[in-house]
Every structure is written in C-alpha cells, then in structure tokens.
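1. Only the shape, not the letters, is given here:
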C-alpha cells in the first residue's frame, strides 16, 4: 500500500449550497497528506491538518491552497481549536535508537491565521495524547507514559511519572492551572459537562477500567466509578442533562496483551452528577471492540461494534 493518503474536503457555506453539493456529490478539491493525520476547522473555516510525522499546515477552505506550514520535530497526536481561535497540537516526542528521549513531548499553541507559535508547554516524559477545550479557553490535556520507552534513563519512579496525568492549561498563556495524577496506564476518552466538569475514562493493563469526574476549576475528584463488566471504556459523549454515554468491551487477553476473544461489548449511560449507571445495552460479541460514539440531538446513541 502507498504511504500517501488523500484528504478530500467539501466546503458547505449555506444550507442551499449544502443541498446542492449533497445532490451532486461534487468534490471541491483535494490535497495529499502523508501518513496518519488529524484535522480541525478554524473559526474562519481554515482547515488545519497535523501529519503524524511532524508537519502542521493550514489550507484555505475555498480552493485548498496552503496558507502556511509549521514543522515540529516530533510525532503529532492531535489538533484542536479553542474558542479564541488558537490551534493546539499535542505531540508524543521522539526517541533515539537507544530508546532515550531525543525530543520530549509538548503541547503547542499556534496562531491559525499566520501559523506563528504562541507558546508551548513541556510535558516531560509523558506523551500529550488527547485534549478537550473548555468554554473559557482552558485546555484540558491527557498526558500518558510512553509505550515506546524501555528502561530509559528518563523513566522515573514516582507515581505521577509512571501514571497518566490530567493537566489544565491556560489557553492564552500556556500556564498550568492544575494537574491531577490518575494511577492508570491510558486515558481513553474525554468530555466536558455544561457545568465545567471533566469526564475521563481510563484503564490499567486493559483490565481495570474506570470513569472519573473532576472539577474543571481545581482538578478535585467529584466521583469515580468502576466500569463494571468492561475491560476498557473507549469514547465518552454527553447528551441532554449531562448524561454521559460510553462504549465498552470485555475481553480475554493473552500474555502479550492481545485479545483472545471478546465476550461482551456495547454501550452504557451514566448519570453525570453521581456516576450512577442508568442503562446498559449489550451488542454483538464478535470482533475487536466498539469504535466511535455519537449522540444525536434527541439523545439517540450511534456507535459501531466489532472490527468489520
């Protein structure tokens, strides 16, 4: 297979134009993208793309013309747009041939119109893997231990370095507001409630999975609940009245942490106020695990289970 993938985007400006293009299926433009990528749309419609290999670039929405490029000497994990229009880019750093850190992970803030770096936040030996942006511009970032570091000198003995950390960063200046360690291997999903509560799903060794609710102003725990009958909880999405929807799966694993069989998977609704389970829907058992979760305006939950 070619290492090049193609990004195809359609610009929809008005409802009438949207209907027109949907009927015709007309392609407006396309640009080449190398390898894995993530994208976000700026406030003025600017298309912002981050390639896993380290290139960030912005495209003019009408014709796909490149507006600027910004090179980062690290693996890129995500991009996100804040309410003030800044582009946030999370990185997982870069290792040398001896599995030592060559470039430590960071969170970057870029100016969307110009591509100029506004600030960066150093994450130490923790990869910056996910982010959610609050209404006030606070950037809530998941930082996780690198799965690639093996017995490196940069590995620390403290629980905070060996565990995931949720960090709140001031969006305009890059100053840290608070950080809360969570003694888990991976933070899998994030969502922000209407009152600023931060919801996070996490797992340890793909066996012990929990959902946390944290105060967005201080990082203090409001509640956390075990994900019953679930090896892992992946995505989180919020519906009306801050009902929290999650997808999950329960699997048997071998000694190399590969799935032997999936015994259960599906979706669960949780009361965002206290973590109480409201309902659970078990789906098909075949395949890997659930992937994707979207909640409609009427709180209908859409998701996919299995690998096919």
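-> That came through fine. Small disclaimer: the values here were computed from a predicted structure and weren't measured. Residues are numbered from 1 along each chain as shown.
2. From now on I want contacts and neighbour counts done on CA atoms only, so please keep to that.
-> Fine.
3. Do I have it right that residue 141 meets residue 127?
-> No - Residue 141 is beyond contact range of residue 127, at 10.1 Å (criterion: CA atoms under 8 Å).
4. For residue 179, pull up the helix or strand it's in.
-> If you go by DSSP states H and E, residue 179 is part of strand 176-182.
5. now the helix or strand just after that strand: how far from the chain's centre is it?
-> Going down the chain from strand 176-182, the next helix or strand is strand 186-192, by DSSP H and E. Mean C-alpha position of strand 186-192 versus that of the full chain (CA atoms, centre = their mean, to the nearest Å) differs by 7 Å.
6. Strand 186-192 - contacts with which helices or strands?
-> Applying 3 or more CA pairs under 8 Å, 6 or more residues apart in numbering; DSSP states H and E, one finds that strand 186-192 contacts strand 126-133, strand 139-145, strand 198-204, strand 232-238.
7. So what touches the longest one?
-> Spelled out, that is strand 126-133. 77-78, 80-83, 90-93, 105-107, 139-146, 161, 164, 190-192 (CA atoms under 8 Å, 6 or more residues apart in numbering).
8. Okay, now the unreliable bits of this structure?
-> Confidence mapping of the chain against pLDDT under 70 gives the ranges 1-25, 147-162, 205-207, 228-233, 249-264, 284-291, 304-308.
9. mind listing the helices in it by residue range?
-> 15-24, 159-162 (DSSP state H).
10. picking up where we left off before, same list, the helices and strands packed on strand 186-192, but as TSV with mean neighbour count please.
-> TSV is the format used below for the helices and strands packed on strand 186-192 (neighbours: other CA atoms under 10 Å):
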stretch	mean neighbour count
strand 126-133	24
strand 139-145	25
strand 198-204	23
strand 232-238	25
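11. any chance of those in JSON lines, plus distance to residue 72?
-> Converted to JSON lines, the helices and strands packed on strand 186-192 look like this (distance: least, CA to CA, whole Å):
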{"stretch": "strand 126-133", "distance to residue 72": "14"}
{"stretch": "strand 139-145", "distance to residue 72": "18"}
{"stretch": "strand 198-204", "distance to residue 72": "28"}
{"stretch": "strand 232-238", "distance to residue 72": "28"}
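12. can you pull the buried residues of the strand holding residue 179?
-> Buried residues in strand 176-182, counted by 16 or more other CA atoms under 10 Å: 178-182.
13. now, among the residues you listed, which is nearest to residue 279?
-> Taking CA to CA as the measure, residue 279 lies nearest residue 182 of those, at 26.3 Å.
14. circling back: could you export the buried residues of strand 176-182 to CSV, including columns for distance to residue 219?
-> Shown next, in CSV, are these (distance: CA to CA, whole Å):
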residue, distance to residue 219
178, 6
179, 7
180, 6
181, 10
182, 11
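15. Between those residues, which sits nearest residue 278?
-> residue 182 (25.0 Å).
16. and the closest one, what are its bridge partners?
-> residue 164 (DSSP bridges).
17. so who does it touch?
-> Listed by CA under 8 Å, 6+ apart, the contact set of residue 182 reads 160, 163-166.
18. Understood, closing this out.
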